[in-house]
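Colleague: quick check, what structure comes out for this input:
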Amino acid sequence: MLQVEELSKVYVSGKIKVQALKGVSFAVTKGEFVAIMGPSGSGKSTLLHLLGCFDHPTSGRYKLNGINVAGLNDDQLAEIRNKYIGFVFQQFNLLSRATILQNVEIPLIYAGINKKRRLEIAREMLEKVGLEHRLDHLPTEISGGQRQRVAIARALAINPSLILADEPTGNLDSQTSAEIMDLFHELNNQGQTIILVTHEEDIARHAKRRIYLVDGEIRYDEVTPS
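Modeller: This next block holds a predicted model:
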């Protein structure tokens, strides 16, 4: 479903060049649950931005659902993001003045779905994450764990091929983190492909595979011990 070949990214600032990724190659099949790990500055965030179609690689190939994403322009990348990728962020990224239901509707608006169908899908996704009783609440009226569940419901709304989660438990306590990871497990067991970026070993252990980056290169790629 996803294939990365010799992917490199160089950032240039004046005369200074920083190579954030150095010829990274791996593939992810449909239904996998992968954790990307590494110390600060290892290239995790750069790789996530490339996989999420927020940036262009300096060189290499990235294919998603058979599409050579690396060769697309910005508008085409935005179309791929809206069609195939659901995002879950550490900071939740919810609109504070919109209800939970309205927040989940947002990607469906971009997808051109009519209002009646948007509401049906948003309610269905919130029920899936156990928040069907909170539809009219604002993000400020619910807990951090519930806000992350809203973010996951929003990511699921477009029925994405891939969910990218960037430190999704970084702002949560240990018990709430475990609940969110249980939800990811449930989604993965239902066939959802998930790539999660984390620096926490106990969170990465929930994934079925770990890719560890050091200085922009893959140090190891292994099945997670159960």
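Colleague: so what's A122 up against?
Modeller: Applying CB atoms under 8 Å, 6 or more residues apart in numbering to A122 gives the contacts L101, Q102, V104, E105, L108, A153, A157. No exception for glycine: its C-beta is placed from N, CA and C like everyone else's.
Colleague: how does it look with 6 Å?
Modeller: L101, V104, E105 (CB atoms under 6 Å, 6 or more residues apart in numbering).
Colleague: neighbour-wise, give me the winner out of the residues you listed.
Modeller: V104 (30 neighbours; other CB atoms under 10 Å).
Colleague: tell me the secondary structure for that one?
Modeller: helix (DSSP: H, G, I helix; E, B strand; the rest coil).
Colleague: nearest spatial neighbour of it, skipping sequence neighbours?
Modeller: A122 (4.0 Å; CB to CB, 6 or more residues apart in numbering).
Colleague: now do the same for that neighbour: its pLDDT.
Modeller: Listed pLDDT for A122 reads 95.
Colleague: what are the phi and psi angles of it?
Modeller: The phi/psi pair for A122 (degrees, to the nearest 10) reads phi -60, psi -40.
Colleague: one more: V214?
Modeller: Residue torsions, per degrees, to the nearest 10, at V214 are phi -140, psi 120.
Colleague: same deal with G86?
Modeller: According to degrees, to the nearest 10, G86 has phi -110, psi 140.
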